[in-house]
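Peer 1: sequence first, then the predicted structure, then my questions.
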Amino acid sequence: MRFSILTVVIVACYLPVFQFAVFAQDKAVSEAPVLWERYRVSGRSESVLMPKLPIFKLESEWCSDARMNHYYAYAEDVVYEFTIEYRIRVDLDSGSDCTPKRPFGHILFDERLRQLREASPANSESVESKGGRDTYVFASETSTRWIIPDISNDHWVELAIYYRPGAKADASKFTTSLDLSNGHGKEIGDGSSVSLGDAGVKNAITVPFDPHDQSSDRLIVLQRSMAPYTEAARQANVQGHVTLQVTMLASGGIGDITVLESLKEGLTESAIAAARRTVFLPKRVNGVPVTATNNFQYGFNIY
């Protein structure tokens, strides 16, 4: 089971609440043209082509020397994910309360495969060769994931695409571009501070989020970033939740954010920054993407 290193719980809800403030987003920042460029993980040799500068999400293993970096980018109604899990230098014996210890290796990789199998039993699973390595492929009606293990070199890589049911997404440019050794391309660093939609996409209507909509044209949220607890809030023992109304643009980018419920000591700003990195497939009406509003709630609790 994976745990975040951040002491914060995030829960989504859809409750109408009194509006306090609006934070406008610059559309020039939240949208970008589709331009496939090679990006690499800072300080590492792995690289891949992505359609835009992706957002970054870090996931750490509890009681483990493994670190997982996730990168997501939206383009033309498809979301691309580049993930790498690798060993870091950490002394697992230094923490007396760290049990059981879970070092990077084949056991951790097998656990990852089990997680994917249990998360979506309907996935089809196969093994193919990619670059002389066995590649595990998990495919469903709405996503395909490729996992390329290289445990002897202390890492494995995952590539994934997300699309609408029944859609045909050509991932060949993305998957064939993976390079595990040359270390060239632009450094991703901390990635984009906001999910970038497609430039030039216009829409005539804005619709509210419908949690009961199960159609293939519904708004599909694929990735929610965590909102870190601020040190000022920790010292002041501020707890509670921040509720935001987020405008999810037809372009796949994030628009205006309205604060419905706020907290002090930087927690509202932390929640807004996290909301800006939401990754989704836009709502569509009659096959045309439209802008939708969606309420997110971020809970902050000290343990």
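Peer 2: Nice, thanks for sending it over. Numbering: from 1, shown residues only.
Peer 1: just confirm residue 58 contacts residue 67, I think it does.
Peer 2: Yes: counting by CB atoms under 8 Å, residue 58 does reach residue 67; the two are 7.2 Å apart. Placement of C-beta: from N, CA and C, glycine included.
Peer 1: show me where pLDDT drops low in the stretch 101-250 of the chain?
Peer 2: In the predicted model, the stretch 101-250 of the chain carries pLDDT under 70 at residues 131.
Peer 1: swap the cut-off to 50 and go again
Peer 2: For the stretch 101-250 of the chain, no stretch has pLDDT under 50.
Peer 1: how about the helices of it, start to end?
Peer 2: In the stretch 101-250 of the chain, the segments counted as helices under DSSP state H, counting those that start in this stretch are 106-119, 172-175, 231-236.
Peer 1: more crowded one of residue 58 and residue 67?
Peer 2: residue 67 (18 against 14; other CB atoms under 10 Å).
Peer 1: how about the strands in the stretch 151-300 of the chain?
Peer 2: 155-162, 186-187, 197-198, 206-208, 220-223, 240-248, 254-261, 279-281, 284-285, 288-289, 291-300 (DSSP state E, counting those that start in this stretch).
Peer 1: so the longest one versus strand 240-248, what angle?
Peer 2: Translated: strand 291-300. Interaxial angle of strand 291-300 relative to strand 240-248 (axes from the mean of the first three to the mean of the last three CA atoms, to 10 degrees): 160 degrees.
Peer 1: now do strand 291-300: which elements does it pack against?
Peer 2: Contact here means 3 or more CB pairs under 8 Å, 6 or more residues apart in numbering; DSSP states H and E; on that basis strand 291-300 packs against strand 9-11, strand 206-208, strand 240-248, strand 254-261, helix 267-275.
Peer 1: tell me the average confidence for the first one?
Peer 2: Averaging the model's pLDDT scores along strand 9-11 yields 34.
Peer 1: quick one, domains of the chain?
Peer 2: Domain segmentation of the chain under automatic domain parsing yields 9-27+199-300, 34-187.
Peer 1: ends of the last one, what's the gap?
Peer 2: For domain 34-187, the first-to-last residue distance is 18 Å (CA to CA, to the nearest Å).
Peer 1: distance from that domain to the middle of the chain?
Peer 2: In terms of CA atoms, centre = their mean, to the nearest Å, the centre of domain 34-187 is found 12 Å from the chain centre.
Peer 1: tell me which element the nearest residue to residue 82 once chain neighbours are set aside falls in.
Peer 2: Leaving out its chain neighbours, the residue that sits closest to residue 82 by CB to CB, 6 or more residues apart in numbering is residue 71, at 4.5 Å. Using DSSP states H and E, residue 71 falls within strand 66-75.
Peer 1: ok, whatever helix or strand comes next after that strand: who's next to it in the sheet?
Peer 2: Sequence order places strand 78-87 as the next helix or strand after strand 66-75, per DSSP H and E. When pairing is defined by DSSP bridges, strand 78-87 lines up against strand 66-75 (antiparallel), strand 155-162 (antiparallel).
Peer 1: what average pLDDT does strand 78-87 get?
Peer 2: Mean predicted confidence for strand 78-87 is 93.
Peer 1: hmm, back to that, so which of the strands paired with strand 78-87 gets nearest residue 285?
Peer 2: Between residue 285 and those, the tightest spacing by CB to CB is seen for strand 66-75, at 18.8 Å.
Peer 1: picking up where we left off before, which one, of the helices and strands packed on strand 291-300, ends up nearest to residue 285?
Peer 2: Shortest distance between residue 285 and the helices and strands packed on strand 291-300, using CB to CB, is found for strand 206-208: 7.2 Å.
Peer 1: show me what the closest one is packed up against.
Peer 2: Packed against strand 206-208 by the contact rule (3+ CB pairs under 8 Å, 6+ apart) you find strand 291-300.
Peer 1: what pairs with the strand it packs on, parallel or antiparallel?
Peer 2: When DSSP bridges is applied, strand 291-300 pairs with strand 9-11 (antiparallel), strand 206-208 (parallel), strand 240-248 (antiparallel).
Peer 1: which of those is buried the deepest?
Peer 2: When those are scored by mean count of other CB atoms under 10 Å, the highest mean neighbour count falls to strand 240-248 (a mean of 21).
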